[in-house]
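Next comes the sequence, and after it the predicted model I'd like to discuss.
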Amino acid sequence: MLTTLPFVLLLMGALLAYVINRRAAVSLRAGGAALHSSPGYHGLFAGLAVIIPVMVITLLWMFLDGAVIERMILAGLPAQAFDGDDAGAVSLILTEIQSLAGGRVFGEPEPWKQEAADRLNALHSASGILLIAVIVVVSIAILALRRARLSPEMRARQGSERLIHGLMVFCSVVAILTTIGIVSALLFETIKFLNKVPLTEFLFGLNWEPQIPIREDQVAASGAFGWIPVLIGTLVVTVVALTVAVPTGLFAAVYLNEFAHQKFRAFAKPILEILAGVPTVVYGFFAILVIAPALRSFGAGLGLDVAPNSALAAGVVMGVMLIPFITSFADDAISAVPQSLRDGALALGSTRGEAMTNVLFPAAIPGIVGGVLLAVSRAIGETMIVVMAAGLIARLTLNPLDSVTTVTVQIVTLLIGDTSFDNPKTLAAFALGMMLFLVTLGINILAIRIVHKYREAYD
């Protein structure tokens with residue numbers, strides 16, 4: 001409750017500021033004053049003046065609240081609480097105190113731990129109450145200031161636009177810094193990995209067995225970190241998915257856009273969009289319970305050996321998942337073609353099919369190709385379906401009937417468990433993440449270039 005209430009009060013304060021200043025501006029105009037800005041801008045300026053600084057205070061407070069309270073709790077613990085200055089021991093004690101504070105008691109905790117947990121709850125409650133008081137006081141102060149400065153000459157519209165512009169710049173900077181942070185974290189950990197594993201072995205190695213020795217005398221402990229089998233598995237699953245999704249999605253888009261009856265289109269479009277909203281874990285269950293057994297039975301009838309977890313099963317289900325993306329992009333691209341091109345083709349005697357294949361579809365190629373390449377990025381980054389349907393073992397094979405693994409599956413596998421972050425096995429996940437980032441970035445750049453290059457030909 002104390003977490004939600006500050007934001008509720010913040011919203012109420014902004015709405016109150018909007019209503020009060022708008023009514024005051026209306027009263028000035030009713031009294032014969034010539035307002036520089038409309039009453040709505042006066043209300044908007046006051047609401048933004050309240051919500052932006054108070055939101056900043058609230059977010060900073062919540063960001064620093066946990067760290068400050070933890071320091072206060074640690075400072076109040078008895079000297080015998082720590083066996084040295086080990087960071088792991090300190091973290092373990094804090095975790096236990098937080099569990100006690102949350103009511104998760106296992107056994108009979110030591111008295112000083114229970115006292116620390118009670119103090120933790122008290123500090124969190126006091127912090128929440130103090131934050132609410134700060135929000136109320138600051139909101140009232142800003143509201144009173146904006147109300148006192150309201151006058152017919154106030155340039156409320158320009159002030160509102162400056163605040164909105166500043167807010168958009170801030171959001172853009174946050175997005176850019178977040179991206180830089182993600183890339184920097186991947187790059188830093190990848191460099192640490194390459195200091196332990198040669199770059200040539202990682203890029204060109206044909207074996208992927210990221211094992212590390214736990215003991216010096218352990219048998220078969222040497223690992224292999226060549227990512228080629230993982231890359232091949234990713235490409236095999238992606239190719240199978242696109243083989244299913246691209247023709248089906250394009251034909252569906254062409255039919256719904258040009259040939260389907262309006263009532264059928266109104267019924268079919270929402271059904272396709274439902275497929276886009278199905279969780280990927282549901283697709284994974286569908287793959288292992290329906291598609292994989294069906295493929296094994298069909299393969300046995302033809303004398304083919306189909307693995308229980310195969311790239312074909314994962315790719316087929318992933319292709320079904322991608323159909324709504326490709327259909328939506330293609331339909332939008334075809335709909336964006338100027339009506340004059342369609343009318344001109346029909347006026348020259350073309351059938352609707354000829355107009356589609358010779359005029360509309362070529363004109364929509366930029367948007368269609370862009371959508372397909374974005375679907376490729378979506379397929380490469382898919383995890384859950386591949387984990388459940390394709391397998392975990394890396395094999396250097398192009399046979400879709402075999403079990404394979406992908407980059408995302410290996411990232412999940414390597415980061416599961418309590419392995420420390422200073423060995424090649426764990427750092428390999430970051431190296432794979434960097435390679436996945438570079439591949440998807442390249443695909444997205446290619447999609448953007450294709451769209452911009454060929455769109456100019458039809459402007």
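Received the coordinates, thanks.

Any regions of the protein where pLDDT drops low?
Filtered on pLDDT under 70, the chain yields the residue ranges 1-3, 79-89, 105-107, 211-223, 417-421, 454-459.

Would you mind pulling up the elements that the lengthiest helix in it packs against?
In the chain, ranked by residue count with DSSP state H as the criterion, the top helix is helix 156-196. Here helix 156-196 touches helix 39-75, helix 424-455, going by 3 or more Cβ pairs under 8 Å, 6 or more residues apart in numbering; DSSP states H and E. All C-beta atoms are positioned from the backbone trio N, CA, C, and that covers glycine.

closest one to Asn21 among those?
helix 39-75 (3.8 Å; Cβ to Cβ).

by how many degrees do the closest one and helix 156-196 diverge?
With axes from the mean of the first three to the mean of the last three Cα atoms, to 10 degrees as the basis, helix 39-75 and helix 156-196 are set at 40 degrees to each other.

Just the buried positions in helix 39-75, please.
Judged by neighbour count (16 or more other Cβ atoms under 10 Å), helix 39-75 contains these buried residues: 39-52, 54-55, 57-58, 61, 65, 69-70, 73.

Gly319 contacts Pro247, correct?
No: counting by Cβ atoms under 8 Å, Gly319 stays clear of Pro247, with 9.7 Å between them.

okay, those two: which has more neighbours?
Gly319 (24 against 13; other Cβ atoms under 10 Å).

In which helix or strand does the more buried one reside?
Using DSSP states H and E, the element containing Gly319 is helix 311-335.

One more: Val237?
helix 228-254.

Past that helix, which element shows up next along the chain?
helix 262-277.

Helix 424-455 and the longest helix of the chain, what's the angle between them?
Using the same axes, to 10 degrees: helix 156-196 against helix 424-455 is 130 degrees.

Contacts only, for Thr406.
Shown in contact with Thr406 (Cβ atoms under 8 Å, 6 or more residues apart in numbering): 230, 233-234, 237, 380, 382-383, 386, 390.

who wins for neighbours among the residues you listed?
Going by other Cβ under 10 Å, Ala390 tops the contacts of Thr406 with 33 neighbours.

Does Asp402 belong to a helix, a strand or coil?
Following DSSP: H, G, I helix; E, B strand; the rest coil, Asp402 is assigned to coil.

Quick check: it touching Ile393?
No: with contact defined as Cβ under 8 Å, Asp402 does not reach Ile393; the gap is 9.7 Å.

ok, those two, which is more surrounded?
Between Asp402 and Ile393, Asp402 has the larger neighbour count (other Cβ under 10 Å), namely 20 against 15.

and the more buried one, backbone torsions?
Main-chain dihedrals, Asp402, degrees, to the nearest 10: phi -90, psi 160.

Count the residues that sit near the nearest residue to it once chain neighbours are set aside.
For Asp402, ignoring the flanking residues on the chain, the nearest one in space by Cβ to Cβ, 6 or more residues apart in numbering is Ala307 at 5.4 Å. Ala307: 21 surrounding residues under other Cβ under 10 Å.

Now for Ala307: which residues touch it?
Ala307 sits in contact with 391, 401-403, where contact means Cβ under 8 Å, 6+ apart.

hang on, the earlier thing: closest to Gln98 out of the contacts of Thr406?
Using Cβ to Cβ, Thr383 is the member of those that lies nearest Gln98, at 30.1 Å.

how many other residues sit next to the residue lying closest to the closest one once chain neighbours are set aside?
Distance criterion Cβ to Cβ, 6+ apart; nearest residue to Thr383, sequence neighbours excluded, is Thr408 at 4.1 Å. Residues lying near Thr408 (other Cβ under 10 Å) number 20.

Distance of Thr408 relative to Ala390?
Relative to Ala390, Thr408 is positioned 11 Å away (Cβ to Cβ, to the nearest Å).

tilt between whatever helix or strand Thr413 lives in and helix 228-254?
According to DSSP H and E, Thr413 maps onto helix 407-414. Angle, helix 407-414 to helix 228-254, by the same axes, to 10 degrees: 130 degrees.

Give me the buried positions along helix 407-414.
407-411, 414.

Kindly report the same for stretch 345-365.
345, 350, 355-356, 359-365.

picking that back up, closest one to Asp422 out of the contacts of Thr406, please.
The closest of the contacts of Thr406, once distances to Asp422 are taken by Cβ to Cβ, is Val230, at 22.2 Å.

wait, that closest one sits on Ile411?
No: checked against Cβ under 8 Å, the pair Val230 and Ile411 is beyond contact range at 9.6 Å.

Now do the shared contacts for the two.
With Cβ under 8 Å, 6+ apart as the test, Val230 and Ile411 both reach Leu432.

what number of residues lie near Gly370?
22.

Would you mind writing the CA trace of the one helix or strand it maps to as CSV?
Remark: Gly370 resides in helix 365-380, with elements defined by DSSP H and E. Taking C-alpha atoms only, helix 365-380 is exported to CSV below (Å, rounded to 0.1, in the frame of the first residue of the first chain):
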residue,chain,number,x,y,z
ILE,A,365,8.1,-5.2,-51.3
PRO,A,366,10.0,-2.8,-49.0
GLY,A,367,7.5,-3.2,-46.1
ILE,A,368,7.1,-6.9,-46.7
VAL,A,369,10.9,-7.5,-46.7
GLY,A,370,11.3,-5.4,-43.6
GLY,A,371,8.6,-7.4,-41.8
VAL,A,372,10.2,-10.7,-42.8
LEU,A,373,13.6,-9.6,-41.6
LEU,A,374,12.1,-8.4,-38.3
ALA,A,375,10.4,-11.8,-38.0
VAL,A,376,13.9,-13.4,-38.5
SER,A,377,15.1,-11.4,-35.5
ARG,A,378,12.2,-12.6,-33.5
ALA,A,379,12.9,-16.2,-34.5
ILE,A,380,16.6,-16.0,-33.6
